[in-house]
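Asker: need a structure here:
(chains A and B)
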Amino acid sequence: MNTYSLILGMLLIGAVLTTGCRTPSAGVTVESYPHNKISVNSKLFGGWMTVTEISAAKKNDLLQAQITAQNTATRDCQFEYRFRWLDKNGMEVSTPMVTWVQVSVSAKEKALMRGIAPNKEVEDFDFIVRFLRTSARW
Amino acid sequence: MKIGYVMIAGMLLACLALTGCFTPPSQGYVPPEEMGMMTVGLDDHDYDLAVRDIARKLFEKGLPKGYVVALGPVDTRECPYDVRVRQLQKSLQVVLNDEGTLKFMAAIDVMGAGGDAGTEIYRLIEYNWLNQNPIDAEDLQKFGKLAKVNGILFGRVSSLEREMSRGRKEVTYRFVWELANTETGIVDISHEYKIRKNTSAVR
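Answerer: Next up, the predicted model:
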C-alpha cells in the first residue's frame, strides 16, 4: 500500500511540474464587459498581486483604462501586463500598441498600469497580468 | 530494494520536469508581442515600447482631426548603440494610421512635396536640431506651409552606461520627443521615455 502511494505521489509531482512549466498562462485577467470581471487563474499569482481598482474613462473619444494592483507579499514582484482592445462587437482591434510591458513592484507597493485605446472604435478591454519569468507561470 | 528504484526514478522524473522549465519554447514561432531574446542594445521589443509610449502621449494630447505629423530628425549621436530610426518612424506611422484622425509621415518623404525650397528649409531645421540650436519658428512655419504638415516630431535618443559587478553592464536609453507646431512655431508636446537594461535581465 505504501509503495503504491509513493509511486502515485511521485507521478503526481512529475505531472504537476511538467504541466506547470508548459502552460505560461495569464495569472490574473480583468475583463471590462459586460461588467468588470476579475479572474484569478493562478493562485500563486493571485496570492501575490491583488487587483484593487479598475478605472476606465474616455479622453478625446479614446478609451483609457487604469488598473491598480497591490503587491501583498513582503518580496518584490516582477511581472508583465498587456491590454487587448475590443470593439463594440467584441472583436479584437489589432494594433502594434498591444505589447507586454514589464513592471517591478516592491513589497506592499501599488502598481498603476495604464493603457489607451488605439482608436475610437474601442469600447472594451481585456487586461492580462502574468509573472515575468516563464518558469514561474502556472 | 524495489522501492528504492521507484524513488530514484521518481526523483529523476521530477528533476527532468524542473529543468524543462528553463528550456526554450518547443515551437519555432513565438508571439511577436513577447519580450523574446534580450540584449543590452535596443531590441525589437524596445522599439515597440518606445513607439507605444510616444503614440500614447500623442493620443492623450488629442490633436485635431486631420492633423499631419511629420517625423523630423532623430538625433542618435549620443547613443553608441545602433538606433533604427526608420523602424521607429514606420512603426509610429502604423499606430497613428490605425488611430484614424492623425496622419503621419517621415519628413524625408514630404520633402519632395515642398520642392527645393522645402528641402532647403528642412535641412536648416535638421541642422539646428542636431546641433542643439533653438528651432527657428519662422523656418517651421515656412516648412509647414510648403510641405502641408501641421507638426514636426523631433527625437533625441541618448544612452548612459555603467559597469556592474562581475563584468555586467547596465544601459539607460533616453528617448526625448518634441512636437513642434508648424502654425504657431511653438512646441506642443515635450515627452521623455526611458528604458533601462542590464545584462543580468537576460532570461
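Asker: Give the full set of residues in contact with the closest residue to A:N2 other than its chain neighbours.
Answerer: Leaving aside its chain neighbours, A:N2 sits nearest to B:I3 (8.0 Å; criterion: CB to CB, 6 or more residues apart in numbering or on different chains). For the C-beta atoms, the positions are set from N, CA and C on the backbone; glycine is no exception. For B:I3, the residues meeting the contact criterion (CB atoms under 8 Å, 6 or more residues apart in numbering or on different chains) are A:N2, A:T3, A:L6.
Asker: Does B:I3 fall in a helix, a strand, or a coil region?
Answerer: helix (DSSP: H, G, I helix; E, B strand; the rest coil).
Asker: quick one: pLDDT of it?
Answerer: pLDDT recorded at B:I3 is 74.
Asker: Just give me the closest of the contacts of B:I3 to chain B.
Answerer: Nearest to chain B, judged by CB to the nearest CB, of those is A:T3 at 5.6 Å.
Asker: Once you drop chain neighbours, what's closest to that closest one?
Answerer: In space, not counting the residues next to it along the chain, A:T3 is nearest to B:I3; the distance is 5.6 Å by CB to CB, 6+ apart.
Asker: any weak-confidence spans in the chain?
Answerer: All of this refers to chain A. Scanning chain A for pLDDT under 70 picks out the ranges A:1, A:12-25, A:135-138.
Asker: Actually, chain B is the one I wanted.
Answerer: In the predicted model, chain B carries pLDDT under 70 at residues B:1, B:14-26, B:110, B:112-114, B:201-203.
Asker: Where does it get nearest to chain A, which residue?
Answerer: Nearest to chain A in chain B, going by CB to the nearest CB, is B:G10, at a distance of 2.9 Å.
Asker: What are the contacting residues of stretch B:45-54?
Answerer: With contacts defined as CB under 8 Å, 6+ apart, stretch B:45-54 is touched by A:96-97, A:99-101, B:33-36, B:38, B:84, B:87-88, B:91-92, B:95, B:153, B:173, B:175, B:177, B:191, B:193, B:195, B:197.
Asker: Please flag which of these sit within helices.
Answerer: The subset of those located in helices under the criterion DSSP state H comprises B:Q87, B:L88, B:S91, B:L92, B:V95.
Asker: okay, the residues you listed in a markdown table with neighbour count and distance to chain A next?
Answerer: Supplementary listing: the ones in helices among the contacts of stretch B:45-54 in a markdown table, determined by neighbours: other CB atoms under 10 Å in any protein chain shown; distance: CB to the nearest CB, whole Å:
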| residue | neighbour count | distance to chain A |
| --- | --- | --- |
| B:Q87 | 14 | 11 |
| B:L88 | 22 | 12 |
| B:S91 | 21 | 6 |
| B:L92 | 25 | 9 |
| B:V95 | 24 | 6 |
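Asker: ok, those residues vs A:I116, which is closest?
Answerer: Within the set of the ones in helices among the contacts of stretch B:45-54, B:V95 lies nearest A:I116; the separation is 10.9 Å, counting by CB to CB.
Asker: Can you give me every residue that contacts the closest one?
Answerer: A:T95, A:P96, A:M97, A:P118, B:V51, B:R52, B:A55.
Asker: what number of residues lie near residue 11?
Answerer: Unless you meant another one, I'm taking chain A. Applying the criterion other CB atoms under 10 Å in any protein chain shown, we find 14 residues in the vicinity of A:L11.
Asker: my question was about chain B
Answerer: Under the criterion other CB under 10 Å, the count of neighbours that B:M11 has is 13.
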